[in-house]
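**Student:** Sequence first, predicted coordinates after that:
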Amino acid sequence: MWEYRGAMPITWTFEPAQRFALLSVVDPYTIEEWRAAVLAILEAPVSREHVAILIDRRDTQPPTTEFVAEMARFFAEHRGALSSARAAMVVRDDAGLGMARMTQLKSELDIPEISFRVFHSYDDAVRWLTA
C-alpha cells in the first residue's frame, strides 16, 4: 500500500485491490498542500499504470472560485499525467456539489480525455470509479 501524509489536512492512500488512490481532505488546508498531495499521487509508481483518484471532501467547506481556478491551472499544467484519468469527488452538501461541478467543468474543458464525476454518496463514487 502506498501512503502520503504531508500536512495532516490532506492524506492519500492507494489500495491495490480497489485500484484507486483515496485523497482525503480536511479543513483547513492550502493550495500548496493540495498540490503536494496530488503530485505525490501522480508521481507514485502505482499511478503510472492506472490513474484513478477518489477525492473525499466530506470534511471540508466548498472551495472558493479562486481555489477552483488554481486547481484547474494545476490540471492544465499536468495534462499529460492526467489524460485518460478517472476522478470521483465526494461532497457533503449542495454547496460543495456546485463548486465540485465547477471544478469538473473546468477540468474537462482543459483535459477532455479526463472522466470526472461528483457524488454525494461515497459508495456510489467507488462503484463508478471501479466499474
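**Tutor:** Structure's in. What do you need? Residues are numbered from 1 along each chain as shown.
**Student:** Please count neighbours and contacts with C-alpha atoms only from this point.
**Tutor:** Fine.
**Student:** Just the residues contacting stretch 26-42, thanks.
**Tutor:** For stretch 26-42, contacts defined as C-alpha atoms under 8 Å, 6 or more residues apart in numbering pick out 4, 6-7, 9-12, 21, 23, 47-48, 51, 57-61, 67, 70-71, 74, 81.
**Student:** go again using 6 Å as the cut-off
**Tutor:** 9, 59-60 (C-alpha atoms under 6 Å, 6 or more residues apart in numbering).
**Student:** can you put these in TSV and add neighbour count and secondary structure?
**Tutor:** Output for the contacts of stretch 26-42, formatted as TSV (neighbours: other C-alpha atoms under 10 Å; DSSP: H, G, I helix; E, B strand; the rest coil):
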residue	neighbour count	secondary structure
9	17	coil
59	15	strand
60	17	coil
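**Student:** Buried residues, the biggest helix by length in the chain. List them.
**Tutor:** Taking DSSP state H as the criterion, the chain has its longest helix at helix 94-110. Going by neighbour count (16 or more other C-alpha atoms under 10 Å), the buried part of helix 94-110 is 96-97, 99-108.
**Student:** Okay, and the beta partners of the spatially most central residue of the chain?
**Tutor:** Nearest to the geometric centre of the chain sits residue 55, at 4.1 Å (C-alpha atoms, centre = their mean). In this entry, residue 55 is beta-bridged to residue 23, residue 89, by DSSP bridges.
**Student:** roughly how far apart are it and residue 125?
**Tutor:** 9 Å (C-alpha to C-alpha, to the nearest Å).
**Student:** Next: residue 99.
**Tutor:** On the measure of C-alpha to C-alpha, residue 99 and residue 125 end up 17 Å apart.
**Student:** now do residue 82
**Tutor:** The separation that residue 82 has from residue 125, given C-alpha to C-alpha, amounts to 19 Å.
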